[in-house]
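Chemist: any chance you can model this:
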Amino acid sequence: GEREAGKGLEMRKLVLSGFLASEEIYINQLEALLLPMKPLKATATTSQPVLTLQQIETIFYKIQDIYEIHKEFYDSLCPKVQQWDSNVTMGHLFQKLASQLGVYKAFVDNYKIALETAEKCSQSNYQFQKISEELKVKGPKDSKESHTSVTMEALLYKPIDRVTRSTLVLHDLLKHTPADHPDYPLLQDALRISQNFLSSINEDIDPRRTAVTTPKGETRQLVKDGFLVELSEGSRKLRHVFLFTDVLLCAKLKKTAVGKHQQYDCKWYVPLADLVFPSPEESEHCPQVHVIPDHELEDMKMKISAIKSEVQKEKANKGQSRAIERLKKKMFENEFWLLLNSPAIPFRIHNRNGKSYLFLLSSDYERSEWREAIQKLQKKDLQAFVLSSVELQVLTGSCFKLRTVHNIPVTSNKDDDESPGLYGFLHVIVHSAKGFQQSANLYCTLEVDSFGYFVSKAKTRVFRDTTEPQWNEEFEIELEGSQSLRILCYEKCYDKTKLNKDNNEIVDKIMGKGQIQLDPQAVQTKNWHMDVIEMNGIKVEFSMKFTSRDMSLKRTPSKKQTGVFGVKISVVTKRERSKVPYIVRQCIEEVEKRGIEEVGIYRISGVATDIQALKAVFDANNKDILVMLSDMDINAIAGTLKLYFRELPEPLLTDRLYPAFMEGIALSDPAAKENCMMHLLRSLPDPNLITFLFLLEHLKRVAEKEPINKMSLHNLATVFGPTLLRPSEGESKAHLTLASDIWSHDVMAQVQVLLYYLQHPPISFTELKRNTLYFSTDV
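Modeler: Numbers count the residues shown, from 1 in each chain. Below you'll find the predicted structure:
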């Protein structure tokens, strides 16, 4: 405790000394600004004034007061910091400083006029121009520099900067002040006042931000925004319309390159002071609206429904096939067409200065909402104005940050980012189903949403010719921010004539589908939780339990050192006299023999009971391993390999190097990154390195079949990255308290590390070892 207190005391002193040094510079800057004021005032009353008294008052408004406040503050704080110990209090000084912020408010309100006046005066008066271009600022007491020269414009901005700076210092001081210290409540109070003050002035400060304020200096707020269809030059265009306190702005999203920040392009704006709603008779001259016949709209709705069910069918063939992508694109285009062409209710906007605009809406309710919102704002006393091109740019730029409607309202755009979802492992047992009218060949698939969209994660075996299938299969599904579990029940179709032309997969019929929310409270119990999903008269029984990331993290070393699971890789390879553990070689060989074209290999989980059986056989070094492998479902074999790496007592890429891998992948210079990443591989123990390179080549071969198995390098990196890198229990203790967002950040970096090596040209063990000469630095 005492050491902590001592550290806090030391930190406060460091913060304050730094602040004092900058406070001294600030006082010198204010002094430099005040220096020409006296001689200017003296000439103001002569026959040849440089500036009038009025101009001097405007330009130097409140500078003297600000100077005095800070000089007093500095003179009181300086001796306290010089005689620093645990009894010194200085909160009252900061509190007093904060209570005098009213002077700054007056300064800020006048700031724009002060700048404009100074600029006008220096244009019309050469003497003043010379003065304002080079003001001499004294250097700090102990510095070699005696003076620096600064422009008046730059100095006038300093007070505004200073408020922000003091607020930051208060943050830092509070961080290192114990809550029971007498200064604590005073500093808190000072911070509260400063923050409120900052947020009140922030809008008015920067001349570049004037677009965000109305001509009367009030904040220009976004009141309502949304997508509307505009009839422009005879054709329908989708626009994003923004209603601000005093202006209606009509924009469209610019087409931008992928990864670039999206921007709006302003099509037109009307100040509300100039905006009128024409009465129907006045607007007769408006072009006649071309209405799409109802039957065309109905046809399109049918098309969209058909595509939706096709997407479901495609999903039934598990995997994100190109066909699904094509269908989704088609669906978006069709929904977009409907959005553009169904509205037919005219909503006209007229600018007093001549131009009229016409929107088409699909509901009268919506039209009255827009109209009422505008009329309510027009009750205020509004001014007409014209925005300069820079102001228009700033205002349009603010639309992107302020907008409340982010996506075009089509179902293919739905995204709900309410809760962060669950991270960890969901164990699901699919027991049985009943309620089928006639016997059929039945199976289920499980989907969860990860990264915002659903992917198929597991599939039961087909139960033949029954109305009451009993699957009783257990799956372990990794969740990445998931919120829902979906169960789909299919009838397997063995009829070759029903093959889908696109990708040769059989279209199985969905008998029913259902979804449940994964409620973090309900799911996070150690025990199994039994549930039923009802769909179209069918009931599917299942049980589930959830293990959070930090629980599933535990890499627990095996008690017995005879097996292979949970035993150090160096121990296993030494015992086997092999370079790569037998289990790794056998699983990879089997996957390459018959699983390399399996859709979702390594992503779709195998049946948990099968995986446990394989684990037992490998651990016992049973001679029937090969027979068992050749009979086993390929997803169970892939699952066994993943489990082996996950249960290593330390990750394959080691705990020792984990921080270095995280730093290496974050480097931005490609050459530095290459050096670092290769050096890290070199630093691995031989068994780890040889096994890693062996696995790397295998995963590259799997990804070569991506058109068939739908597993890209990125997909494989997502599955294996955390498994090969995630630190073991001791190492990750520090991380465990952190929530899923830190996890997802860590996991993303782990995925990036593996992806880096997967995308790298082939790496050979001997080449790596030969190059050690250049890299003698220790990691």
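Chemist: assumed Glu541 was part of a strand.
Modeler: Yes - under DSSP: H, G, I helix; E, B strand; the rest coil, Glu541 falls within a strand.
Chemist: tell me the bridge partners for it.
Modeler: On the basis of DSSP bridges, Glu541 is bridged to Ser432, Val532.
Chemist: and the pLDDT at it?
Modeler: For Glu541, the pLDDT comes out at 94.
Chemist: separation between it and Glu598?
Modeler: 28 Å (CB to CB, to the nearest Å). For every residue, glycine as well, the C-beta is placed using N, CA and C.
Chemist: equivalent analysis for Leu20, please.
Modeler: Distance of Leu20 to Glu598, given as CB to CB: 68 Å.
Chemist: more neighbours: these two, which one.
Modeler: Each of Leu20 and Glu598 has its neighbours counted (other CB atoms under 10 Å); Glu598 has more, 22 against 17.
Chemist: neighbouring contacts of stretch 193-203?
Modeler: Contacts of stretch 193-203 from elsewhere in the structure, counted by CB atoms under 8 Å, 6 or more residues apart in numbering, are 98-99, 101, 104-105, 108, 163-164, 166-167, 170, 209, 212-213, 219.
Chemist: which stretches in the stretch 101-250 of the chain count as helices?
Modeler: According to DSSP state H, counting those that start in this stretch, the stretch 101-250 of the chain carries its helices in the segments 101-124, 126-133, 152-175, 183-205.
Chemist: flag every buried residue along the second one.
Modeler: Think helix 126-133. Neighbour counts over helix 126-133 (16 or more other CB atoms under 10 Å) mark 128, 131-132 as buried.
Chemist: and what of the third one?
Modeler: Using 16+ other CB under 10 Å as the test for burial, helix 152-175 gives 152, 155-156, 158-160, 162-163, 166-167, 169-170, 172-174.
Chemist: what's the angle from it to helix 101-124?
Modeler: Interaxial angle of helix 152-175 relative to helix 101-124 (axes from the mean of the first three to the mean of the last three CA atoms, to 10 degrees): 160 degrees.
Chemist: show me what helix 152-175 is packed up against.
Modeler: Where contact means 3 or more CB pairs under 8 Å, 6 or more residues apart in numbering; DSSP states H and E, helix 152-175 is packed against helix 2-34, helix 91-99, helix 101-124, helix 126-133, strand 135-138, helix 183-205.
Chemist: again, but for the second one
Modeler: With contacts defined as 3+ CB pairs under 8 Å, 6+ apart, the secondary structure elements packing on helix 126-133 are helix 101-124, helix 152-175.
Chemist: Throw these into JSON lines and include distance to Gln752 and mean pLDDT, thanks.
Modeler: What follows is these, written out as JSON lines (distance: least, CB to CB, whole Å; pLDDT from 0 to 100):
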{"stretch": "helix 101-124", "distance to Gln752": "45", "mean pLDDT": "87"}
{"stretch": "helix 152-175", "distance to Gln752": "32", "mean pLDDT": "82"}
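Chemist: for Leu238, which of those is the nearest?
Modeler: Checking the helices and strands packed on helix 126-133 against Leu238 by CB to CB gives helix 101-124 as the closest, at 37.9 Å.
Chemist: okay, the angle between that closest one and helix 183-205?
Modeler: For helix 101-124 against helix 183-205, the angle by the same axes, to 10 degrees is 30 degrees.
Chemist: which parts of helix 101-124 are buried?
Modeler: Under the neighbour-count criterion of 16+ other CB under 10 Å, helix 101-124 has 101, 103-104, 107-108, 110-111, 114-115, 117-118, 121-122 buried.
Chemist: centre of the chain to that helix, how far?
Modeler: Centre-to-centre, helix 101-124 and its host chain are 40 Å apart (CA atoms, centre = their mean, to the nearest Å).
Chemist: helices or strands next to that helix in the packing?
Modeler: Packing contacts for helix 101-124, counted by 3+ CB pairs under 8 Å, 6+ apart, involve helix 53-59, helix 63-82, helix 126-133, helix 152-175, helix 183-205.
Chemist: nearest to His529, of those helices?
Modeler: Per CB to CB, nearest to His529 of these: helix 152-175, 42.8 Å.
Chemist: distance from the chain centre to that closest one, please.
Modeler: 30 Å.
Chemist: and stretch 122-134, by the same measure?
Modeler: 49 Å.
Chemist: contact partners of it?
Modeler: Contacts for stretch 122-134 (CB under 8 Å, 6+ apart): 36, 40, 50-51, 118, 121, 149-153.
Chemist: pull the most distant pair out of these.
Modeler: The distance between the two most remote of those (CB to CB) is 20.5 Å, for Leu51 and Ser149.
Chemist: these two - which one has more neighbours?
Modeler: Set Leu51 next to Ser149 and count neighbours by other CB under 10 Å: Leu51 wins out with 25 against 10.
Chemist: isn't that one right up against Ala44?
Modeler: Yes - the criterion here is CB atoms under 8 Å, and Leu51 meets it with Ala44 at 6.3 Å.
Chemist: in three-state terms, how would the nearest residue to Lys434 once chain neighbours are set aside be classified?
Modeler: Among residues not flanking Lys434 along the chain, Glu468 sits closest, at 5.1 Å (CB to CB, 6 or more residues apart in numbering). Under three-state DSSP, Glu468 falls in the coil class.
Chemist: for Tyr582, give me its contacts.
Modeler: Contacts of Tyr582 by CB under 8 Å, 6+ apart are 564, 576, 618.
Chemist: and the pLDDT at the last one?
Modeler: Same thing as Phe618. For Phe618, the pLDDT comes out at 94.
Chemist: what do you get for the first one?
Modeler: Val564 is assigned a pLDDT of 94 by the prediction.
Chemist: what helix or strand does it sit in?
Modeler: Taking DSSP states H and E as the definition, Val564 sits outside all helices and strands.
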